[in-house]
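A.B. asks: got a predicted structure plus its sequence, pasted below:
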Amino acid sequence: MSTTSASTALRHGTLGTSASRPDGVAKVQGGFAFSSDMWADNMLWGATLRSPHPYARIVAIDVSGAYAIDGVVTVVTAVDVPGKLTYGLIVQDQPVFAAIGDTVRYSGEPIAAVAADHPETCQRALAAIKVTYEVLTPVTDPEDCIAGVAEQIHPDGNIFRHQRIVSGDTSVVGAVQVEGEYEIGMQDQAFLGLESALAIPDSNGAGLEMYVATQWLHEDRKQIADCLNIPEENIRLVLGGVGGAFGAREDISLQVHTALLAMKAGRPVRISYGREESFYGHVHRHPAKIWMKHHADLNGKIVKIESRMVFDGGAYCSTSPAVLINGITHTQGPYKCDNAIVDGWAVRTNNPPCGAMRGFGVVQACFAHESQMEKLAAAVGVSPVEIRLLNAMETGDRMITGQIMDSVAPVAQCIRETDAIPMPAPLENNADLRTIPGGTGLTAQPSNIRRGVGWGVSIKNLMYSEGFDDFSTARCRISNGVVTIKFATSEVGQGFTMLAQQIARTVLGVDEVILDTIDTQVGSAGSTSASRQTWMSGGAVQVACQAALAQLFDHVATKFEMTRSELEIDGTDIVDRLTQRRVTVSEAISEIEIDCTEEYHHPPTEDLDENGQGNCHVAYAFVAHRAVVDVDPELGLIKVVQIATAQDVGRVLNPLAAMGQIEGGIAQGLGLAVMEEIIVKDGKVRNPSFTDYLLPTFLDSPTVEMVFIEEHEPKSPLGAKGIGEPPCISVTPAIANAIRQAVGRELPRVPIRPYDICL
Amino acid sequence: MPVLIPRSVDELVDIFQEHPAAKLLAGGTDYMVEVNLHGRKPETMISLRQVKELSEWSVRSTQRSITIGAGLPYADMEHGEIARLVPALAQAARTVGSPQIRAAGTLGGNLGTCSPAGDSLPVLAALNATIHVIGPDGNRDVEFSDFMIGVKKNSLRPAEFVHSVSMPIVDGWQGYAKVGTRNAMVISTASACLVRDSDEGIVSIALGSVGPTVIRCHGAETWLMKTMSLRAESTLDPVVAQEFGQRVAQESRPIDDHRSTAEYRRHAVGVLAQRLLLRSFS
Amino acid sequence: MSINIPVSGQSNEIYSLSVNGQVHQVKDAWIGESLLYVLRERLGLPGSKGACEQGECGSCTVIVDSKAVCSCLVMAADAVNTEILTVEGLGPNGALTDVQSAFLSEGGVQCGFCTPGFIVAVHHLLESNPSPTDDEIREALSGNICRCTGYGRILEAVRTVADQRRTNS
């Protein structure tokens, strides 16, 4: 099955249609309140002082200079933290503020925060705080940490996690062997909506309300409560409009700082980061070095994979252990593999802290395995398509973790459908210069250009893993003839609020669905990450609406004397299947009060044992990418011409939104392939600005031709799989493979730089 | 009020003389970045927005030269008559920042900031542009090579400002090329402007982002003019073009930084020089 | 939403700006404030967004004297005697412009942070070039960064408006 269209038989606004965004009008008019668009009476501005050194002991902190500045109201440091001094998603090893006598462990680590009457006053106050550092030599090479020769830079040690996978018969050797050492640079999520939080203390001083752009309200609240020593129920977190996330908001950044300042000042405080601070203020994608060796028979069938993966997690733990597991468990890619030995390390260094970014460890593993597949194809003498079809995974296969693939797994179909997408027209001699590498820089003419084609196919797990119960909650209320849905699911731009309305409209047979404020006044929805919200929060909304529907049917059966077991929704009517008597939903809900809150849980998963065996993931999605890239081999400049893709989406719930996720993910994968990297030298970030951390512009973006593979996933509540991450994963090696084909170089590192191509 | 707003060049001269420490503000595309991001504290500002004369441009056809006001935005150089008369400048203008930056940025700003990565500067260097400077001691003309004297250093004296820039209108071919890591909105990694005056048989080539100042490759120019004729009827041997590129590369003095390496920059300007020369004969 | 206008020893600028046809007095301002800051923090016009403060993202795009510029790079106190148009001033009386409608109908809005800058830039583009080619659209909008959409649906939105205007004219 290929593309589905928004069927005219479907009622507009229900599942399967390109329903309108509830926040759309506000967004196009400039009236949508992002968290940085929030103000309160009597509000102060806050700002954070950060260490310039990647590793240093704090000898003294003197804040008196800040207090001497007119307009400064208060300053906070570690001594002002009333509760837990550290926070973190898995291990609470990250200090709210670095303390006197302790060390800072990354360049940008917070030392203090100020609240004042104007952002400029804050800047002057920060400049007036004197911190005495004893500068130490930073630990920057993960291999030193693994070898045990690096200084222990934290009491917990320098190893976040070490995990092996030993699968099948590791003594097997292939007639054909290909190997490579691959490197993936540090990518940044670079969401546009800069970090911002507004904290308003309660007048009784016992709690606060905070408006913040985040991925997981409840997890933020927990950490704020622990650090401020306030009961969670005294903290109300409200989702401020989120300008993109892509993983960077899974860890807290300014939440505790803002709350502390507000509580201490007794006034509302807003902290809003600028772009440079944002680069320092959130976790990045783990840079990684991956060695991989594929053993295959003479036909190219994989018989064993060996790999060693090292993820540099930077100064604090964040989600590094989970990122590592994702990486190593995806070593085999979307291919059958009976035998494997994988050694994976997630390591602490004085480099910038790393954590979640769209793809979560699988991006790195995929770059390695798809680079390997190109080498394998060449070694065996088959095409990139043939080698992948030969090895394509199927439902029922045993994975290297011992888990049986029980998701729909249309790998071969993804590849074939992608292959069937027409190639773009060849480059013409009179091609518009904006379409060739170098663009309006006039560096090249079409005769200087060579074209390459490359492939990438990937598998990505959905939801959280290794025993984590990342459930979601939703509340469906029917009152005065109005349906209201409430959830804590972070809308970060992906369109969940739109989907929630679609679900409610479909299940309940209504057209109008009100969305309540997204806050902590309802149960946790888990994080907007891991391609999980459609499945989990969509599932919760569906279950809550179904529970409400059941009560509604009870009421209708009684009131209208219809047979309860025969009732169903047909469009906007409730109909008795037997008698065909019908009642409009709007009439049915006009006199009833229903209030259902439901949780949705996925089946439990397991930890991995010491050999990496365990049913650790919930479900999987697949995608294929084909990249056509033009290259100027003499200057090393490139232009991605076309990305063709077929993605295993389960079911298209909103065609326009699905297109948007796929095109957007592809752009991020393109960025990692050729232009995006946080450059770190000796622990210091060299390019914390948009001048030198380059995001793809309109003139860098390719044509995208896509096919939705819709094989409904029976385990998914809506039949749909998460689609957010797959688009950014295998497009990176696809582009790399295309450039490799054009210039005949190994190019083992991304982002590929011009000098890698031509020197 | 610290934002002073002169309405004519004469007023500007007077106000600037009264406040020699004031900052001149035209498009603001460099200065406001300093304020927003690098802690620059504005004190007295002189706005150039109302000095309309600075945004004018004119052609002296008898002298075959064009004079462009320091306040004319890049967007106005990309098309029309200016583009026809000084195509290399139009090409360079088109690569500055983004359309929004081009609507505000000016030659006066590029010259004021005097960064070796300034997009228009290789064009001014290759055309031997004359910078018209006005100050408390009157007017003076400064050749581009005497104007840019170091990284972000120009030879303006206190209370002096750039009024306009004059360039010859050249018969022949001119072109600009700029290397960046993405296809829009980039600071140049390496850039070059080549002017072939097929009337006089002269070539000039200037490089950006490969030295503390924009570099005129006099050695390569001299070698080329000795090796072949650059006049209109001449033809170009690709081997000569290749050697020209290598000689240009040798005269560059690039550094390693977070954007690129010296090795790549040297290589890139060589390729650009070769390609620009080939284009000038095609 | 209320606006806290701070008072501090550094702030003594007084001037007026004409925005969306209305004259606004600005008081107690610091001279270094950009037009973006003043629009958002003093004039109650937070539609324009700041994502980089250095003219590298286009989220702050406004029209000043008929030119689309980055408001983060305009010194507010220098914008006196100009006509400023922001996203809030495009649609008459809360109605959507055709550009705004097309962004919605074609899926050009996800997180929405870049959207106001794009809307202003697209209006400006179509005013001077009513029938742009795809490459002209891409170049005209190359100063507006979007991190969510990959630009595909935005291109479609601009094409849609251009087609509609052609049909209606």
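C.D. replies: The structure has been received and is ready for your questions.

A.B. asks: what residues sit buried inside stretch A:123-141?
C.D. replies: Neighbour counts over stretch A:123-141 (16 or more other C-beta atoms under 10 Å in any protein chain shown) mark A:123-126, A:128-129, A:131, A:133, A:136, A:138-140 as buried. Every C-beta, even on glycine, is put in place using the N, C-alpha and C of the backbone.

A.B. asks: out of those, which are close to chain B?
C.D. replies: Among the buried residues of stretch A:123-141, the residues that sit close to chain B (C-beta under 8 Å from any C-beta of the partner chain) are A:Gln123.

A.B. asks: ok, the closest residue to chain B within the stretch 401-550 of chain A to chain C distance?
C.D. replies: For the stretch 401-550 of chain A, the residue closest to chain B is A:Gly439, as judged by C-beta to the nearest C-beta, at 3.7 Å. Spatial separation of A:Gly439 from chain C under the definition C-beta to the nearest C-beta, to the nearest Å is 8 Å.

A.B. asks: how about residue 33, nearest residue that isn't a chain neighbour?
C.D. replies: Reading this off chain A. If the residues on either side of it in the chain are set aside, A:Ala33 comes closest to A:Gly241, at 5.2 Å by C-beta to C-beta, 6 or more residues apart in numbering or on different chains.

A.B. asks: wrong chain, I was asking about chain C
C.D. replies: C:Ala76 (5.1 Å).

A.B. asks: how many other residues sit next to the one you found?
C.D. replies: Neighbourhood size, C:Ala76 [other C-beta atoms under 10 Å in any protein chain shown]: 26.

A.B. asks: tell me, how many residues neighbour B:Ser155?
C.D. replies: So B:Ser155, with other C-beta under 10 Å, has 14 neighbours.

A.B. asks: scratch that, B:Asp76
C.D. replies: B:Asp76: 18 neighbours (other C-beta under 10 Å).

A.B. asks: wait, a helix at it?
C.D. replies: Yes: counting by DSSP: H, G, I helix; E, B strand; the rest coil, B:Asp76 is found in a helix.

A.B. asks: can I assume it is in contact with B:Ala83?
C.D. replies: No: under the criterion of C-beta atoms under 8 Å, B:Asp76 is not in contact with B:Ala83, lying 9.8 Å apart.

A.B. asks: and the gap between the residue nearest to A:Ala33 and A:Ile638?
C.D. replies: A:Gly241 is 35 Å from A:Ile638, where distance means C-beta to C-beta, to the nearest Å.

A.B. asks: give me the more crowded residue out of those two.
C.D. replies: More crowded of A:Gly241 and A:Ile638, by other C-beta under 10 Å: A:Ile638, with 32 against 25.

A.B. asks: how much space separates that one from chain C?
C.D. replies: Distance of A:Ile638 to chain C, computed by C-beta to the nearest C-beta: 16 Å.

A.B. asks: for the longest helix seen in chain A, list every residue counted as buried.
C.D. replies: Identified as the longest helix of chain A according to DSSP state H is helix A:533-560. Using 16+ other C-beta under 10 Å as the burial criterion, the residues of helix A:533-560 that qualify are A:533-549, A:551-553, A:555-557.

A.B. asks: now the two most distant members of the buried residues of stretch A:123-141.
C.D. replies: Using C-beta to C-beta, the buried residues of stretch A:123-141 reach their maximum pairwise distance at A:Arg124 and A:Val139, which is 34.2 Å.

A.B. asks: and the closest residue to chain C within the stretch 251-400 of chain A, what does it touch?
C.D. replies: Of all residues in the stretch 251-400 of chain A, A:Arg275 sits closest to chain C, at 4.6 Å by C-beta to the nearest C-beta. Shown in contact with A:Arg275 (C-beta atoms under 8 Å, 6 or more residues apart in numbering or on different chains): A:194, A:688-690, C:51-54.

A.B. asks: could you dump these to TSV with pLDDT, neighbour count and distance to A:Leu747?
C.D. replies: Shown next, in TSV, are the contacts of A:Arg275 (pLDDT from 0 to 100; neighbours: other C-beta atoms under 10 Å in any protein chain shown; distance: C-beta to C-beta, whole Å):
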residue	pLDDT	neighbour count	distance to A:Leu747
A:Leu194	98	25	34
A:Pro688	97	23	26
A:Ser689	97	17	27
A:Phe690	98	22	26
C:Ala51	98	28	31
C:Cys52	97	27	30
C:Glu53	96	25	35
C:Gln54	97	26	31
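
A.B. asks: so which of those residues also contact chain B?
C.D. replies: Within the contacts of A:Arg275, those near chain B by C-beta under 8 Å from any C-beta are A:689, C:53-54.

A.B. asks: tell me which of these is nearest to B:Arg94?
C.D. replies: Minimum distance to B:Arg94 across these is 20.3 Å, recorded for C:Gln54 (C-beta to C-beta).

A.B. asks: how about the closest one, secondary structure?
C.D. replies: coil.

A.B. asks: measure it to B:Gly28 for me?
C.D. replies: Counting by C-beta to C-beta, the gap from C:Gln54 to B:Gly28 is 11 Å.

A.B. asks: which neighbours do those two share?
C.D. replies: Common neighbours of C:Gln54 and B:Gly28, using C-beta under 8 Å, 6+ apart, are C:Leu73.

A.B. asks: got the buried residues of stretch A:123-141 as JSON lines, with secondary structure columns?
C.D. replies: Output for the buried residues of stretch A:123-141, formatted as JSON lines (three-state DSSP):
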{"residue": "A:Gln123", "secondary structure": "helix"}
{"residue": "A:Arg124", "secondary structure": "helix"}
{"residue": "A:Ala125", "secondary structure": "helix"}
{"residue": "A:Leu126", "secondary structure": "helix"}
{"residue": "A:Ala128", "secondary structure": "helix"}
{"residue": "A:Ile129", "secondary structure": "coil"}
{"residue": "A:Val131", "secondary structure": "strand"}
{"residue": "A:Tyr133", "secondary structure": "strand"}
{"residue": "A:Leu136", "secondary structure": "coil"}
{"residue": "A:Pro138", "secondary structure": "coil"}
{"residue": "A:Val139", "secondary structure": "coil"}
{"residue": "A:Thr140", "secondary structure": "coil"}
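
A.B. asks: got a pLDDT number for whichever residue of the stretch 101-250 of chain B sits closest to chain C?
C.D. replies: Nearest residue of the stretch 101-250 of chain B to chain C: B:Ala184, at 3.7 Å (C-beta to the nearest C-beta). Per-residue pLDDT puts B:Ala184 at 94.

A.B. asks: I'd guess it is in a helix, am I close?
C.D. replies: No: counting by three-state DSSP, B:Ala184 falls outside a helix, being coil.

A.B. asks: for chain B, see how far away A:Val556 is.
C.D. replies: A:Val556 sits at a distance of 58 Å from chain B (criterion: C-beta to the nearest C-beta).

A.B. asks: check contacts around that residue.
C.D. replies: A:562, A:567, A:574, A:583, A:588.

A.B. asks: neighbours of the second one, how many?
C.D. replies: A:Leu567 sits with 24 neighbouring residues when counted by other C-beta under 10 Å.

A.B. asks: do you know the pLDDT at residue 19?
C.D. replies: You didn't pick a chain, so chain A it is. In this model, A:Ala19 is scored at 96, pLDDT.

A.B. asks: chain C was what I was after
C.D. replies: Note for C:Val19: predicted pLDDT of 98.

A.B. asks: what residues does the longest helix that chain C contains touch?
C.D. replies: As assigned by DSSP H, the longest helix anywhere in chain C is helix C:152-168. By C-beta under 8 Å, 6+ apart, the list of residues contacting helix C:152-168 from outside reads A:656, A:659-660, A:663, A:698, A:701, A:704, C:98-99, C:102-103, C:105-108, C:118, C:122, C:125-126, C:130-132, C:134, C:137-138, C:141, C:146.

A.B. asks: now for the residue nearest in space to the middle of chain B: which residues touch it?
C.D. replies: Against the mean C-alpha coordinate of chain B, by C-alpha atoms, centre = their mean, the closest residue is B:Leu121 at 2.0 Å. For B:Leu121, the contacting residues are B:110-111, B:114-115, B:144, B:148, B:206, B:208, B:214, by C-beta under 8 Å, 6+ apart.
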